[in-house]
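Engineer: What follows is a predicted structure for the sequence shown.
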2 protein chains.
Amino acid sequence: MYFVSNALARKIEKIARNAWNKVNLSPSHAYLLMLVIDNPGVQPMALSEELQLQPSTITRLIEKLELKKLLVRTYEGKVTNVYPTPKAKIMLPKLKQCVTDFYQSYSAILGKDESTKLVNSMNRIADKLPV
Amino acid sequence: MYFVSNALARKIEKIARNAWNKVNLSPSHAYLLMLVIDNPGVQPMALSEELQLQPSTITRLIEKLELKKLLVRTYEGKVTNVYPTPKAKIMLPKLKQCVTDFYQSYSAILGKDESTKLVNSMNRIADKLPV
DNA sequence: TATAAATATTTGTATATACAAATAAAATCT
DNA sequence: AGATTTTATTTGTATATACAAATATTTATA
């Protein structure tokens, strides 16, 4: 169980990384960026829940995207808002294309049916497991 | 797909880490150690294939276990042989217990049936995906 | 046999992620 | 209103893993 779930995740990661190479982003960065484009002003907490990553990890992802001039943060009290830059907004179609490419890549190997089933069962099971 | 496979792996990792806390080893270290105990003199290449980790990762795992006086390496030409120390051999029953504990932990949450099914389908799918 | 190619391992470096502690602001309580 | 607790975020630090380059040895080739 341990090794297979890790090995699977690493293999999927590799396919994903490949699909997002075109825009020079890691999959995590890309998904976070798309979330921010869709929800300008979203807060790190919300991103953390959505992406199932620790808040500290979210901070680190945002920092990197800020360096690349794709995001900006504004600070109001204890809350931080994250906004996409114009540069990021322009990228959106390319990002969506990567999502599609990624889906195509793995479903070409696994078949659409099996892919969907796997995603569903992993989702169901991940939900059962404690956070 | 990307996030669910990662999230699942991280959750499983957490359960595993918990089970191996007792012996103060990470799951990867523990599995490698058990492999070496079962195959004294095994070479890093073989461990790499078995554990589906890069050779460099194997080196790093071995280094740490060597520091803990659980493994030793001998060098013959380009080949390295890895042996368990007596200290490691004595640990074997405890290690096996951790394997059992780990299995108990996740199958208590998911049910034995569902766990087995998941492992099988992940295995089947990981096999299909390129290395 | 000398050179080239292949192989096994290690090293240098980079990445993603996490946990725990620190910070700072907001909300609650008394 | 002041003190305390809770909440959101960031920082410091550690871990597992990978890729690519370096090293060293063996095998194959010319």
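Structural biologist: All right, it came through fine. Residues are numbered from 1 along each chain as shown, chains lettered A, B, ... in the order given.
Engineer: what helix or strand does A:Ile12 sit in?
Structural biologist: helix A:2-20 (DSSP states H and E).
Engineer: following the helix or strand harbouring A:Met45, which helix or strand comes up?
Structural biologist: Secondary-structure assignment from DSSP H and E places A:Met45 in helix A:44-51. Next along the chain after helix A:44-51, taking DSSP H and E as the criterion, comes helix A:55-67.
Engineer: Any figure for the gap between the closest residue to DNA strand C within chain A and A:Gln43?
Structural biologist: Proximity of chain A to DNA strand C (CB to the nearest atom of the strand) peaks at A:Gly77, 2.4 Å away. Any C-beta I mention is one placed from the backbone N, CA and C, and that applies to glycine too. Distance, A:Gly77 to A:Gln43, by CB to CB, to the nearest Å: 12 Å.
Engineer: what's the lengthiest helix in chain A in contact with?
Structural biologist: Longest helix in chain A, counting residues (DSSP state H): helix A:86-110. Residues from elsewhere that reach helix A:86-110 (CB atoms under 8 Å, 6 or more residues apart in numbering or on different chains): A:12, A:15-16, A:18-20, A:22-23, A:27, A:30, A:33-34, A:36-37, A:65, A:69-71, A:115, A:118, B:1-2, B:125, B:128-130.
Engineer: elements contacting the helix or strand just after it?
Structural biologist: Using DSSP H and E, the next helix or strand after helix A:86-110 towards the C-terminus is helix A:112-128. Contacts defined by 3 or more CB pairs under 8 Å, 6 or more residues apart in numbering or on different chains; DSSP states H and E place helix A:112-128 against helix A:86-110, helix B:2-20, helix B:86-110, helix B:112-128.
Engineer: which of those helices sits most buried?
Structural biologist: Highest mean neighbour count of the helices and strands packed on helix A:112-128: helix B:2-20, a mean of 21 (counted as mean count of other CB atoms under 10 Å in any protein chain shown).
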